[in-house]
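**Student:** Next one to model:
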Amino acid sequence: MDLDPDTRRSLERRAAQAEYVTIAWNVGEMFITIGLGVAARSLALIAFGADSMVEVFASSVVVWHLRHPDRHGAAVTATALRLVAVAFFMLGGVLVVVAAWALRAGHVAGASPLGIAYVAVTVVVMLFLAGVKRRIGARLGSKPLAAEARMTFLDAMLAGSILLGLVANAAFGWWWADPAATLVVAGASLFEGVENLREAAELHAD
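**Tutor:** Below is the predicted model of the structure:
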């Protein structure tokens, strides 16, 4: 889509603002959820805090791409896609290890009402940010922004799976619900990482 320079600059500013909000939220989320996770002995909340660091990295890559003077060039875009792919692989790897360990060990977390409330808010915030990034990414034709929007959406899905797991554990004692759902999110993350590498290879070939 051809955009006039003023419209493009405005969209790029909005995209950067969405990424800055994502970074700020995830930095706070890292400390809050890890703290709540330690208090409740919840691996799910601790892993969610670790995931926040991955999201900060991915958002920082997109900000770098948006600010790069050659951001419309294939080489810079391909590099950004590869870096976001690394973030997807990091996320998927962390989730697989944590979920597999929890299932193998039969780890049972304590109840965390504050954790449940915070994660519920996170689902809404991440879905909103993912929608904003997806729409702006489509208008700009920015593949890195669109890819990172999918990571933000996966972050919301991970928060949702953790929320269901915490509620199921607190209400029914279904300790396995969270790690099982987390493995599904891990699979989706690894798939997105492969897709980003494929798109980067296509740009490099062009």
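
**Student:** any idea of the mean pLDDT for the longest helix along the chain?
**Tutor:** For the chain, the helix with the greatest residue count under DSSP state H is helix 5-40. For helix 5-40, the mean pLDDT works out to 90.

**Student:** what does stretch 131-141 give?
**Tutor:** 94.

**Student:** Only alpha carbons, please: show it as PDB.
**Tutor:** Only the C-alpha atoms of stretch 131-141 are listed here, as PDB (Å, rounded to 0.1, in the frame of the first residue of the first chain):
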ATOM      1  CA  GLY A 131      -4.600  -5.600  17.600                       C
ATOM      2  CA  VAL A 132      -3.100  -2.100  17.300                       C
ATOM      3  CA  LYS A 133       0.200  -3.500  16.100                       C
ATOM      4  CA  ARG A 134      -1.400  -5.800  13.600                       C
ATOM      5  CA  ARG A 135      -3.500  -3.000  12.100                       C
ATOM      6  CA  ILE A 136      -0.600  -0.600  11.800                       C
ATOM      7  CA  GLY A 137       1.700  -3.300  10.500                       C
ATOM      8  CA  ALA A 138      -0.800  -4.100   7.800                       C
ATOM      9  CA  ARG A 139      -1.000  -0.500   6.700                       C
ATOM     10  CA  LEU A 140       2.800   0.000   6.800                       C
ATOM     11  CA  GLY A 141       3.500  -3.300   5.200                       C
END
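
**Student:** Return the set of buried residues in it.
**Tutor:** Across stretch 131-141, burial judged by 16 or more other Cβ atoms under 10 Å covers 132-137, 139-140. For every residue, glycine as well, the C-beta is placed using N, CA and C.

**Student:** circling back: give me the helices and strands touching the longest helix of the chain, please.
**Tutor:** Under the contact definition 3 or more Cβ pairs under 8 Å, 6 or more residues apart in numbering; DSSP states H and E, helix 5-40 sits against helix 43-67, helix 113-140, helix 143-172.
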